[in-house]
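> Okay, structure incoming, though there's no sequence with it:
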């Protein structure tokens, strides 16, 4: 490949990079892994050249999707190994953390952290079918080619994924809206370290239950009272950028999910527009059992 052709190819690739990164991020939930997938697509393109490629954007999108699918399957295998073998490396330990937490937060906000958490629960093929069709409007026949499955089978994958993303039926719109306002105010106060702001959205007699996986060594497993919880909660404001509202077992709660991978969830109940009880969950088995959906 001549230098002129190489420069032309690099320029065309850079035009596609934002789209390719968007695809990869929704598939993988991590900006670092998304960048790796896009880079792999460039390496494959630079090796093969553009000769014989009629639709460069389509070829690159397909390549990135397949790279992401392989990464998801590898991730799933590692998760299964970690469940079966205590000595196996845990997925959280081997995942690349974002080099730029601020950029990771911006990416998560652009997609919706709760949506990334729900997508992370899908099977790799389900996730690809849902992301590529529902989020990027790719025809089912092209997705079928990526997965090596029939078009009707891919339609079923997307439909099943869609049902899982929607999750449990939401509460009435008025209740949902009120709960969302309360949780948004809680997160805003948490991010700014505003103790009084946190107290304002808590029932004075709020009760907080903390599972063993969430509790600090020697720390309490139960907290009573708005002021006690608020003063303790501000110590965890560093977690706030990766904490967003989600439907947790049918009511508005919170998920903490760096890189889009669920690590903690908070189930909430409400009384008179304020948080009445909270349950903080980090036990992996309990997290898997939760019904989660994006707002």
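Happy to help now that I have it. No experiment lies behind these values; they were computed from the predicted model shown.

> What about the residue lying closest to residue 224 once chain neighbours are set aside, how many residues nearby?
Nearest residue to residue 224 in three dimensions, chain neighbours excluded: residue 207, at 5.7 Å (C-beta to C-beta, 6 or more residues apart in numbering). The way it works is simple: take the backbone N, C-alpha and C, and place the C-beta from them, glycine included. Each residue near residue 207 was counted by other C-beta atoms under 10 Å, and the total is 15.

> what about residue 207, is that helix, strand or coil?
Under DSSP: H, G, I helix; E, B strand; the rest coil, the three-state class of residue 207 is strand.

> Which pLDDT value goes with it?
pLDDT for residue 207: 93.

> low-scoring stretches of the stretch 51-200 of the chain, by residue?
The stretch 51-200 of the chain contains residues with pLDDT under 70 at 79-105, 108, 167-174.

> Please, where are all the helices along it?
For the stretch 51-200 of the chain, applying DSSP state H, counting those that start in this stretch gives helices covering 56-84, 91-94, 101-111, 113-120, 124-130, 140-147, 151-166, 173-192, 195-200.

> So for residue 217, which of the ones you listed sits nearest?
helix 91-94 (18.7 Å; C-beta to C-beta).

> Ramachandran coordinates for residue 264?
Note on residue 264: its backbone torsions stand at phi -150, psi 150 [degrees, to the nearest 10].

> Next up, the contacts around it.
Contact analysis of residue 264 by C-beta atoms under 8 Å, 6 or more residues apart in numbering lists 214, 255-256, 280-282, 287.

> from those residues, which ones fall inside helices?
residue 287 (DSSP state H).

> what's the domain layout of this structure?
In the domain annotation for the chain, the residue ranges read 3-166, 173-293 (automatic domain parsing).

> In CSV: the helices of the stretch 51-200 of the chain, plus distance to residue 22.
Compiled in CSV, the helices of the stretch 51-200 of the chain are given as follows (distance: least, C-beta to C-beta, whole Å):
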stretch, distance to residue 22
helix 56-84, 10
helix 91-94, 24
helix 101-111, 9
helix 113-120, 13
helix 124-130, 14
helix 140-147, 17
helix 151-166, 18
helix 173-192, 25
helix 195-200, 34
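
> can you list these in JSON lines and add mean neighbour count and distance to residue 10?
Listed next are the helices of the stretch 51-200 of the chain as JSON lines, based on neighbours: other C-beta atoms under 10 Å; distance: least, C-beta to C-beta, whole Å:
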{"stretch": "helix 56-84", "mean neighbour count": "17", "distance to residue 10": "12"}
{"stretch": "helix 91-94", "mean neighbour count": "12", "distance to residue 10": "31"}
{"stretch": "helix 101-111", "mean neighbour count": "16", "distance to residue 10": "23"}
{"stretch": "helix 113-120", "mean neighbour count": "24", "distance to residue 10": "30"}
{"stretch": "helix 124-130", "mean neighbour count": "24", "distance to residue 10": "27"}
{"stretch": "helix 140-147", "mean neighbour count": "17", "distance to residue 10": "25"}
{"stretch": "helix 151-166", "mean neighbour count": "17", "distance to residue 10": "33"}
{"stretch": "helix 173-192", "mean neighbour count": "16", "distance to residue 10": "40"}
{"stretch": "helix 195-200", "mean neighbour count": "17", "distance to residue 10": "49"}
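
> Compare those helices and give me the one nearest residue 19.
Nearest to residue 19 among the helices of the stretch 51-200 of the chain is helix 56-84; the distance by C-beta to C-beta comes to 7.2 Å.

> Give me the buried positions along stretch 248-267.
By 16 or more other C-beta atoms under 10 Å, the buried positions in stretch 248-267 come out as 248-249, 251-267.

> and those residues, which of them are in strands?
The members of the buried residues of stretch 248-267 that map onto strands under DSSP state E are 248, 251-256, 264-267.

> Contacts only, for residue 184.
Residue 184 is in contact with residue 245, counting by C-beta under 8 Å, 6+ apart.

> how close does it sit to residue 191?
11 Å (C-beta to C-beta, to the nearest Å).

> go on, residue 180?
For residue 180, the distance to residue 191 - C-beta to C-beta - is 16 Å.

> circling back: how about the contacts of residue 264, which pair is most distant?
Distances among those were taken as C-beta to C-beta; the most separated pair is 214 and 255, at 13.1 Å.

> so what's the residue most central in space within the chain up against?
In the chain, the residue lying closest to the centroid (C-alpha atoms, centre = their mean) is residue 116, at 2.3 Å. Neighbouring residues of residue 116 by C-beta under 8 Å, 6+ apart: 26, 29, 108, 257, 260.

> Please repeat the previous calculation with a cut-off of 6 Å.
29, 260 (C-beta atoms under 6 Å, 6 or more residues apart in numbering).
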